[in-house]
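Undergrad: heads up, no residue letters with this:
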Ligand SMILES: O=C(O)c1[nH]c(=O)[nH]c(=O)c1I
């Protein structure tokens with residue numbers, strides 16, 4: 001089966017990625033990802049100018065149907081991740097970056113531009129858990145302003161990580177912004193922001209930051225993730241690839257993401273539930289589905305979801 005694709009000048013031998021934030025914050029976690037042969041690429045935890053401890057714990061809670069997190073952007077600082085991605089790796093890397101202000105984003109990306117790093121960078125415009133900070137990509141004007149400033153100097157492969165949208169007009173509006181920029185990709189979705197999980201027995205929230213509000217992931221967000229992949233595939237220039245993230249627990253979910261237009265597919269919550277062995281299971285399940293349908297390559301069905 002042909003699982004190979006190229007993005008931003010890099011060759012991905014498999015459609016699988018880790019979702020930024022999951023098992024990719026420390027040197028040990030990143031080394032673990034290197035050892036997962038079914039992973040096509042490695043995505044770093046979103047990096048900020050300064051290292052961050054993140055929000056108070058408990059800040060992650062596992063549910064039967066998914067997860068809620070209010071991590072608060074804990075990371076070792078961009079120097080650590082920029083050094084990491086400039087080392088030799090058997091797989092392509094995607095350096096995820098985030099800023100607490102537009103100025104931080106610009107400063108960070110100028111450092112990436114000035115570095116020898118030739119791989120992909122992904123600007124996270126959708127973290128829902130930094131207390132007092134908005135999810136930038138819900139503000140279309142600010143998103144346009146940021147991208148205009150970034151592309152006035154940034155010439156390396158760049159994608160953006162988007163929050164989920166829930167209104168067809170909003171798909172039109174964000175696509176109208178993104179189509180004006182030479183992006184390599186869009187990664188959709190980030191967690192569904194500011195959900196709330198209640199422990200009825202304790203009559204209490206389950207995470208400490210923000211009164212228990214946090215980003216939702218896992219099985220429960222799959223329909224939202226598929227809708228965002230499909231809607232953006234239908235609206236974005238073909239030159240902008242879609243990385244599908246959200247709700248993947250089976251090979252069928254991976255197939256669905258690709259059928260909606262995803263080039264690569266990230267797995268987050270399920271890695272926490274099942275461990276890194278999940279990728280071998282997903283690859284087997286995806287291969288079995290493709291063989292049953294007579295497909296030999298992802299191109300045979302990518303973006304070919306039928307309507308009624
Ligand atoms: O709380 C986090 O660190 C976090 N959590 C998420 O669910 N998405 C994000 O982009 C981030 I930066």
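TA: Good, I have the coordinates. In this text the structure is predicted, and so the values were computed from the model without any measurement.

Undergrad: May I have the residues that are in contact with residue 192?
TA: Applying Cβ atoms under 8 Å, 6 or more residues apart in numbering, we find residue 192 in contact with 164, 215, 216, 217, 221, 224. All C-beta spots, glycine's among them, are computed from the backbone N, C-alpha and C.

Undergrad: what about the residue nearest to residue 53 when sequence neighbours are not counted, how many residues close to it?
TA: Using Cβ to Cβ, 6 or more residues apart in numbering and skipping the chain neighbours, the partner closest in space to residue 53 is residue 74 (5.9 Å). Using other Cβ atoms under 10 Å, residue 74 has 17 other residues around it.

Undergrad: how close does residue 74 get to residue 22?
TA: Separation of residue 74 from residue 22 (Cβ to Cβ, to the nearest Å) stands at 13 Å.

Undergrad: What of residue 177?
TA: Distance, residue 177 to residue 22, by Cβ to Cβ: 28 Å.

Undergrad: Check residue 213 too.
TA: 20 Å.

Undergrad: In terms of neighbours, single out the busier of these two.
TA: residue 22 (21 against 17).

Undergrad: any idea whether that one is helix, strand or coil?
TA: coil (DSSP: H, G, I helix; E, B strand; the rest coil).

Undergrad: Might you enumerate the residues of the stretch 101-250 of the chain proximal to the ligand?
TA: 124, 126, 127, 129, 190, 191, 215 (Cβ under 6 Å from any ligand atom).

Undergrad: Just send those residues back as CSV, with neighbour count, pLDDT and secondary structure too.
TA: Formatted as CSV, these follow (neighbours: other Cβ atoms under 10 Å; pLDDT from 0 to 100; DSSP: H, G, I helix; E, B strand; the rest coil):
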residue, neighbour count, pLDDT, secondary structure
124, 27, 98, strand
126, 24, 97, coil
127, 26, 93, coil
129, 25, 92, coil
190, 29, 98, coil
191, 31, 98, coil
215, 25, 98, strand
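
Undergrad: Between the residues you listed, which sits nearest residue 262?
TA: residue 190 (14.8 Å; Cβ to Cβ).
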